[in-house]
Structures are given as C-alpha cells and as structure tokens.
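Asker: here is the input, now give the coordinates:
(2 chains)
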Amino acid sequence: MNDSTMGSGSPQHRAVDLRGVEAFLVQEAELLDDRRFEEWEELFDEDGYYWVPARPDQENPYDELSIFFDDRQLMRTRIARLRHPRIHIEDPPTRAVRLVGSIRIEPEAPLGVDLLVASKLFMATYRLREQRFYAARCHHALRVRGAGFKIAWKKVTLVNCDDSFDALTVPF
Amino acid sequence: MATRDASWLRSLVGEDRVHRAVYRDPEIFDFEMERIFGRTWLYVGHESQVPNPGDFFATRLAGQPVLMVRHAGDGKVYVLFNRCGHRGSQVTTHARGNVKFFRCSYHGWTFKTDGTVHGIPLRHGYPECYDLKGGEFGMRPVPRVDFYRGFVFASLAPNGPDLLTHLGPMTGRIDDVVDRAPAGEVALGGGVHKYHFHGNWKLQLENLNDMYHPHASHESTVATSGRQFRRGDRDGGGAELSTDRSGNPLSSWDDAGVWACPNGHGWCGAMPGTSGDGSGPVFERYQALLRTAHGEARTDEVLNLKWHNSIFYPNLVLQAMAQHVRVIHPVAVDRTEIHIYPILLKGAPQEMNLEVIRYLNITHAPASLIQTDDLEAFRRVQIGVGTQGAEWVVFGRGYGADDGTNDETRRAFGTSELPIRNQYKAWLGLMSTQSA
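Answerer: From the prediction side, this is the model:
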C-alpha cells in the first residue's frame, strides 16, 4: 500500500478513502441484489476467496467446515449453477435486499492487503411466500487497484452462524 | 384418528406403497417417535467427540435432549437425559463442553458426570422417605447404550434386540469406514454442517439410496458433457449424472446396484465415474500406510468400496469415500434437521482429512451446490402429498424383481425402489409391535 495516497494520510485523505470504500461496498451489495453474479465475482482478486464461517470464533476455513468457502473457481461453478435453467431450488429465484452499514476502515490491515474494512450487513430474502432475515458482521480485505479495489477475501460472520439453516443459494 | 392398532397401520402401508398420511399426519409422527425412535437403536455420536473425562456433547434422541458424556469416575461414555432430577429443568444449554459436575441453574442441584446426584442445597428440608441419592433424583441415563468401534448407539427402550442383532450386516459398513484409517480408528472432528428442510424425516431416508433421482434433481450440477462438476481431487472427473461413457442414460446407475438388509438398513453402489481415491503423492503415501497396517487384501477392499450411502435405519447415514456421518433429527411431521460430521482418518496424511472438509462444503453445507437440490425435492413432496384423490405414493420400480440370493441382504438394480420398500417394511414392523 502506498502511504502517500491511502490509509495513514491526512484526515482529509481518510474521509475520501472511507467514501470510496463505502461506495465500493454499496455497489457490491447492489450487484448481488440485481443477481449480477458474474460482475460480483469479478470484484475478487485472482487469489480471492469468499468465506462464511460456521462458528463465531472459527479461525480458518481449512480445518473446519464452513457455510461458504469459495475460491474463484468454485464461485464460477456456483454461479454457473445459479444460471442453470433447471436449478430447482432457485425456481422461482430468491429475491434479496441487502443493507450495508457501519462501514469503517480498521487501523491495521493484514499482510498482503491494503485495507481491512469492517461493516454490518442486514439481508432479507424472499421466495415462495417465505421471507427470511440474516444479520452479519462483514470483513473485506481490499487491495487498491488503480482507482478502485479488488477483494482479497470477504468474510461474513452471521449472528446465528452455528445454527441450522434452510437451504442457502445466493451469497450474502 | 383411528385406533392405533395393527390393522390401522397395515392400512397405511402396502408392500409397494404408503398412504400419503405417513408424511402429513402429526399423530403418526408422534407415534413414530414412540414406536420407532422411542424403541429401536439410534445413533448418538462418536466416542472421539468426548475424549477427556468430563467432556460432553449435546444431541437429541426422538426429539428429547440428551448428553453424551465421558464420566470422570470410570472414563466410560454415558448417555443422560438433559434434565434435572429435581424439578425437570434442562441442565445445560451448551452444545458441548467440559464439566467437573453438571449444575442445574434453577435450584443449584449438582450431578456427577454419570448422572448421579452430587449435591443438594439445604438438603435437610427433605423428609427421610426420599432416597435423594437414588436414581429417581439423578439425571437419568438412557435405558440402553452400546458401542461399535467408537460409534455410540442408544435405545430409549429397556428391552429389545441387542445392538449387533439390530445392525446385522451393517457392522461391515462401519468396518469399511474405520479400516480406511491406517491407525484403525476414526475421529469426528472439523466441525458440523447443520441444515433443515420443510418435509418429513422419511423423505431424507427415501432419497439416500435413490439412484433414480440424480439425473433430474441434480441437473443444475451437470455440464454439457453429462458429468457433474468435480467435487474435489478424489472424485476423478466428476460423477456421470446424465449419461455413461457410451452416452447411455442411467444404465451405469442401474449397474451400481442397491442392497437392502433387515431392520430397514441398506446401501447403494458407488456413484458411476467416481470410484477410486485418485492419485498423487498424498494418495501414494496414504496407500502405503494402509498396506502396512491392514495388508494387501483388506487395503484393496477398502480403497475400492462399492458403496456410496449406507443407511442405518432410522437416523444414521455413513459415506466412506466422502468420509462423513449424517444424522437425521425429526423435528415435526413437516420439519427435519440434518447434521453432517466429517470423519477424520487417524494415521492418514493430514492433507486427506483437510480435503474432505473442503469437499463437504461443496456437497453438504447449508449452501451446498448439490444437497440443496434434494431439500427442494423434499419440500415439494411435502406439499404434493397434501393433495386429495391420489391417496398412495407407489414405490414400484423393480417391485418383484429383487434378488434374494442372500438370506439377509437383497440386491436390486440401482434405480430400483427396493430400499424404500425395505424401509417401510421395517417401519410397519416397529409401528405395529405393541411392546418390545
């Protein structure tokens, strides 16, 4: 990360950075709400991954099961299935609205990324006369790319992550 | 509801069919909890989930909260009802943990890890006619508990066939799983997947040895090649869901076969195109460890198992190659919860156990790319059998064509509905027997 443009700059820079980050997260939620899954996947870096742990204090996605743990290849498989005309669990498709808030940039970024962003997500889904609600703390590890960002990893910790779930189909 | 007698039950189940009420009637569900889940052997957990004295693991049997606990006193595994012996309060709300004593939050009674009473505040308030140290006031043990190679089973009935009689040839399926560990022992570890669906518990059991459904239910997982996407390194090129290598639909699924055993148990053949464990340095190392531990013949057997899902009626399913335990928890007549636990092979290269965790995220997470198709099928059946007019669901595929070469185990072609007929035979037997 270039300190002269990001993160540790003046309060003015920080304000600009936060606005850019907020716009990025809102746009991400918008892409998912609009089921523009391919464009959402493109937000991730080549080595990027998407992780929804199955336990509040789960340390990693490798030695313990997760609700989602997708690298780019698995994301593409998942999206191909979401586009399949005979994905019965998505017939009719799930409608979803995501609300992203409490966005802040953490003071320290982990190794290999430029920014760690914390946010809160509230998502409502609807399919076949059933509305469901999900609440989560999210973390986006971002790398600065030109005027924008790439996601190194996104972690979604659902408030009830260690509970039993109805079938889940679309990412949070 | 009609009188709960044998003739009423027989009116609900034929050799090749069931009345739609078995999926929909809440009174039948309650009766199943009493006569099936309240009587036969149920899977509880695995000893490895409570390795140390005082460790406990909470689960449910017939919908009732129980604790599998390793007693600090004798180091043995007990299964106790999660209920205070004083006024009936649930004792612990934790899914697992370690305790010196269980302590009830209501009046502070404490219990040893075998369920016996440890301490009673203001004990002098009870007249002498009460045997406070007696079993009546403890956390009561489940009537019968037994073990097979670390797998813990329990029965809520004091009498009945013993575990080995109940399991019959299914012990061989547990042996298959355990013998794939070079150390000859497995452990459950690596977390749990938990999901539920809006459907009757029997729909899950009917599905697991149903090799007729994948080409349609799981069509969204199939590429234009007719093969499923790869689930991981160990499944070669992906299951041949729509066609075999000659482009012939389904015939390879018929060749895979299904097997039905007494008491509702059974297994289905390996998924076409997925046999073998793959290759590479990790697999080579694993294979060498197995050959040293178990010898050539047994190693060849367990590396080329010819089965996919083994059903231990009514609440346990094992997969050997995709190493996991599946537990079926009936919640209500139209609601069922499923728990999936990875099986870790002791003595195997760490990479193998890590890979199965990755694999199970794809196949059995609540957000699985495969399992969610089945949950939608169960939901739709639950709605469909609510319609009047067609009173029966018929399981006629292969009816009358079952191969009875073995006294205990019958085999049929893969897409036969023999496993379902076999499950309802056990269902009727248990439901219509008055006392164990």
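Asker: what are the ranges of the helices in chain B?
Answerer: Ranges of helices within chain B are B:6-10, B:21-24, B:26-35, B:163-167, B:171-179, B:201-208, B:214-217, B:251-256, B:281-303, B:350-364, B:371-384, B:418-431, based on DSSP state H.
Asker: now those helices in JSON lines, with distance to B:L188 and mean neighbour count?
Answerer: For every residue, glycine as well, the C-beta is placed using N, CA and C. Formatted as JSON lines, the helices of chain B follow (distance: least, Cβ to Cβ, whole Å; neighbours: other Cβ atoms under 10 Å in any protein chain shown):
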{"stretch": "helix B:6-10", "distance to B:L188": "36", "mean neighbour count": "14"}
{"stretch": "helix B:21-24", "distance to B:L188": "31", "mean neighbour count": "19"}
{"stretch": "helix B:26-35", "distance to B:L188": "25", "mean neighbour count": "17"}
{"stretch": "helix B:163-167", "distance to B:L188": "19", "mean neighbour count": "17"}
{"stretch": "helix B:171-179", "distance to B:L188": "11", "mean neighbour count": "19"}
{"stretch": "helix B:201-208", "distance to B:L188": "19", "mean neighbour count": "22"}
{"stretch": "helix B:214-217", "distance to B:L188": "27", "mean neighbour count": "19"}
{"stretch": "helix B:251-256", "distance to B:L188": "27", "mean neighbour count": "19"}
{"stretch": "helix B:281-303", "distance to B:L188": "19", "mean neighbour count": "15"}
{"stretch": "helix B:350-364", "distance to B:L188": "11", "mean neighbour count": "20"}
{"stretch": "helix B:371-384", "distance to B:L188": "19", "mean neighbour count": "20"}
{"stretch": "helix B:418-431", "distance to B:L188": "25", "mean neighbour count": "22"}
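Asker: now mean pLDDT and distance to A:E106 too, for those helices, in JSON lines please.
Answerer: Below are the helices of chain B laid out as JSON lines (pLDDT from 0 to 100; distance: least, Cβ to Cβ, whole Å):
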{"stretch": "helix B:6-10", "mean pLDDT": "87", "distance to A:E106": "62"}
{"stretch": "helix B:21-24", "mean pLDDT": "98", "distance to A:E106": "51"}
{"stretch": "helix B:26-35", "mean pLDDT": "96", "distance to A:E106": "50"}
{"stretch": "helix B:163-167", "mean pLDDT": "98", "distance to A:E106": "54"}
{"stretch": "helix B:171-179", "mean pLDDT": "98", "distance to A:E106": "44"}
{"stretch": "helix B:201-208", "mean pLDDT": "98", "distance to A:E106": "43"}
{"stretch": "helix B:214-217", "mean pLDDT": "89", "distance to A:E106": "44"}
{"stretch": "helix B:251-256", "mean pLDDT": "86", "distance to A:E106": "51"}
{"stretch": "helix B:281-303", "mean pLDDT": "95", "distance to A:E106": "37"}
{"stretch": "helix B:350-364", "mean pLDDT": "95", "distance to A:E106": "27"}
{"stretch": "helix B:371-384", "mean pLDDT": "97", "distance to A:E106": "34"}
{"stretch": "helix B:418-431", "mean pLDDT": "96", "distance to A:E106": "53"}
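Asker: and of those, who's closest to chain A?
Answerer: Comparing these against chain A with Cβ to the nearest Cβ, the closest turns out to be helix B:371-384 (4.1 Å).
Asker: lovely, talk soon.
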